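Undergrad: sequence first, then the predicted structure:
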Amino acid sequence: MIGEPPKKPPLAITGYLALIPLVVGIGMLCSSLYDITTTRRLELGSLTATGMIVGEVRNETARGYMYCPIVRFKPAIGLTVQFKDSSCAGVPHERPDGAHVVVRYRADAPAESAAVAQGQSGYWISAFTGGAGLLSILLAIGVMRRLRRARLVFEVKQAASKASERDPKAPTTLTRNMRGGK
């Protein structure tokens, strides 16, 4: 029958499973914000120089090889610096040895802070990651709200069913507010 209450409440495990996208979304959002702020900080407090790709190093990872460019540049003050850039890829880079790139670095630590300038692509990737994280958070919150509402409806139906067993004249329908009405 349509008006009969369900025999079991919604599973509590569903609420715990909704925590997974919530935690992942928070992690993605925090990672995105960290990337954007560190990139912006490096842009604002850094110097630029023209560097040259002098080679490539192949690093072995669990999923295969990563190819990272080796860049050499001369800071405004100091000796020539050579570093392995973090823009590694699963295939050898398209830029040939001898290609010129823009390098950003901090004046107080050029060797430790040097990075090839990525332009606006770093912001877009971080913004996409943050957006996906936010979407994941909203999805998890929606699932948890629906689960909470389903549990509440279950409890109200159970209470109405018990009340109708004791007093057959008691109303057994949900109020308009419980059905989502105003």
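TA: Great, that's in hand.

Undergrad: got the domain boundaries for this structure?
TA: According to automatic domain parsing, the chain comprises the domains 1-45+120-182, 47-105.

Undergrad: including mean pLDDT and mean neighbour count, could these go into a markdown table?
TA: Glycine gets a C-beta too; all of them are placed from N, C-alpha and C. Below are the domains of the chain laid out as a markdown table (pLDDT from 0 to 100; neighbours: other C-beta atoms under 10 Å):
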| stretch | mean pLDDT | mean neighbour count |
| --- | --- | --- |
| domain 1-45+120-182 | 78 | 13 |
| domain 47-105 | 84 | 14 |
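
Undergrad: mind putting these into JSON lines with distance to Ser113?
TA: Below are these laid out as JSON lines (distance: least, C-beta to C-beta, whole Å):
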{"stretch": "domain 1-45+120-182", "distance to Ser113": "7"}
{"stretch": "domain 47-105", "distance to Ser113": "5"}
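
Undergrad: would you tell me which of these gets closest to Ala114?
TA: Closest approach to Ala114 among these is made by domain 47-105 (4.3 Å; C-beta to C-beta).

Undergrad: span of that closest one from start to end?
TA: Using C-alpha to C-alpha, to the nearest Å, the end-to-end distance of domain 47-105 comes to 5 Å.

Undergrad: what about the strands in the protein?
TA: For the chain, strands defined by DSSP state E occupy the ranges 47-61, 64-73, 81-84, 100-105, 115-116.

Undergrad: for Leu22, which of those is the nearest?
TA: Per C-beta to C-beta, nearest to Leu22 of the strands of the chain: strand 47-61, 29.3 Å.

Undergrad: about what we covered before: so which of the strands of the chain is nearest Ala163?
TA: Of all those, strand 47-61 sits nearest to Ala163, with 63.5 Å by C-beta to C-beta.
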